[in-house]
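**Student:** When you get a sec, could you give me coordinates for this:
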Amino acid sequence: MSPAKTIKTFRDLLAFLTSIPVGGKEDFVFTSAENMYLFPIIGSFIGILAGAYFIGSNYILQVLLNGVNNFVTLPVNFLVSFASAAMTIAFLLVITGLQHFDGLIDLGNALGHRSEHERKMAAHAWTVNYSGAIFAIIIEFIAFLGLFLIIPTVTNPLIIVATIILAEVAAKLAMVTLVWLGKPTHKGLGSIFLKKAKKKLNIVAYIISAMIAFALFSLAFNVTYGLLGIGVVFVSIPVAYLMAQVAKKIFGGVSGDIIGATNEISRAITLVIIIGVLILI
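**Tutor:** The predicted model follows:
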């Protein structure tokens, strides 16, 4: 791949997976589909930005609340942990342009309807019903809870940043796995990815994810825990398999909404698993 094509590829991937204005051309969706195996790299980049945002917001909140605490007694540590976790999850939703969150809502909208046709209609509707709102809130609350519980568990901020990055890598790997496993429901965004994704190259996504996970946990802990990091990121594989089964049962196959919802669900599950691992070790 030439330098110019490499730059275009990563620019288009950023244009598709984030709301960062990088000036992607009209074919960025097709480029993203053809290079889906690189999703974990973009996931790690998003995680780095979110980790930096967490560190910055945590520091600012700590300074502000400590200043207020001189006049009014406050549970500073609790408030800082709560606000930092909430703000970081919100940052992740905003930087991804809420497109995965929209898929989560559409999946929730479809729940409770009896026929496949009604589910598809509910998912494609512009309105949000109560099941869609509740489902999306629950998933994001689980993600928030995982991050919120990690913060007071560890004292090294590098571990928290590594956790955020790993969760994003796992989320993107889950999307790759789902596309590998699933069949399209109709012509649309999802079908483009299921058709264009170079599935033989998707194995590269697992290698990239394993390397990132190993490096992150080795730096945060030690080399021994690097293997544990690989195990954590690969939890996204059964999550994707489960989502493929859910997609087949609800919609008859994988759509763009399911791919987006899988990103959010995988992130939430990964964060919860990491807090469990940190408590055990």
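
**Student:** was I right about Val80 contacting Gln62?
**Tutor:** Yes - applying Cβ atoms under 8 Å as the test, Val80 and Gln62 come out as touching, 5.3 Å apart. Bear in mind the C-beta positions are built from the backbone N, C-alpha and C, glycine included.

**Student:** neighbour count winner among those two?
**Tutor:** Neighbours were counted for Val80 and for Gln62 using other Cβ atoms under 10 Å; Val80 has more, 23 against 15.

**Student:** the helices in the stretch 51-200 of the chain, which residues?
**Tutor:** 76-95, 99-110, 116-124, 130-153, 157-181, 189-196 (DSSP state H, counting those that start in this stretch).

**Student:** chain center to the one helix or strand in the chain whose mean pLDDT sits lowest, what's the gap?
**Tutor:** Least confident element among the helices and strands of the chain, by mean pLDDT, DSSP states H and E: helix 189-196 (a mean of 72). When C-alpha coordinates are averaged (Cα atoms, centre = their mean, to the nearest Å), helix 189-196 and its chain have centres 19 Å apart.

**Student:** elements contacting that helix?
**Tutor:** With contacts defined as 3 or more Cβ pairs under 8 Å, 6 or more residues apart in numbering; DSSP states H and E, helix 189-196 has these neighbours: helix 28-34, helix 256-280.

**Student:** can we see that at 10 Å?
**Tutor:** Secondary-structure packing of helix 189-196 (3 or more Cβ pairs under 10 Å, 6 or more residues apart in numbering; DSSP states H and E): helix 28-34, helix 99-110, helix 157-181, helix 256-280.

**Student:** Out of those helices, which one sits most buried?
**Tutor:** Of all the helices and strands packed on helix 189-196, helix 157-181 carries the top mean neighbour count, a mean of 26, counting by mean count of other Cβ atoms under 10 Å.

**Student:** That one vs helix 99-110, what angle?
**Tutor:** 60 degrees (axes from the mean of the first three to the mean of the last three Cα atoms, to 10 degrees).

**Student:** For helix 157-181, give the mean pLDDT please.
**Tutor:** For helix 157-181, mean pLDDT is 93.

**Student:** Kindly report the same for stretch 77-87.
**Tutor:** Averaged across stretch 77-87, pLDDT comes to 94.

**Student:** in it, what counts as buried?
**Tutor:** Leu79, Val80, Ser81, Ala83, Ser84, Ala85, Ala86, Met87 (16 or more other Cβ atoms under 10 Å).

**Student:** Quick one: residues contacting the second one.
**Tutor:** Spelled out, it's Val80. 57-66, 74, 151-152 (Cβ atoms under 10 Å, 6 or more residues apart in numbering).

**Student:** try 8 Å
**Tutor:** Taking Cβ atoms under 8 Å, 6 or more residues apart in numbering as the contact definition, Val80 lies against Asn58, Leu61, Gln62, Leu65.

**Student:** Likewise for the fourth one?
**Tutor:** With Cβ under 8 Å, 6+ apart as the criterion, the residues that contact Ala83 are Ser57, Leu61.

**Student:** Distance of it relative to Asn58?
**Tutor:** 9 Å (Cβ to Cβ, to the nearest Å).
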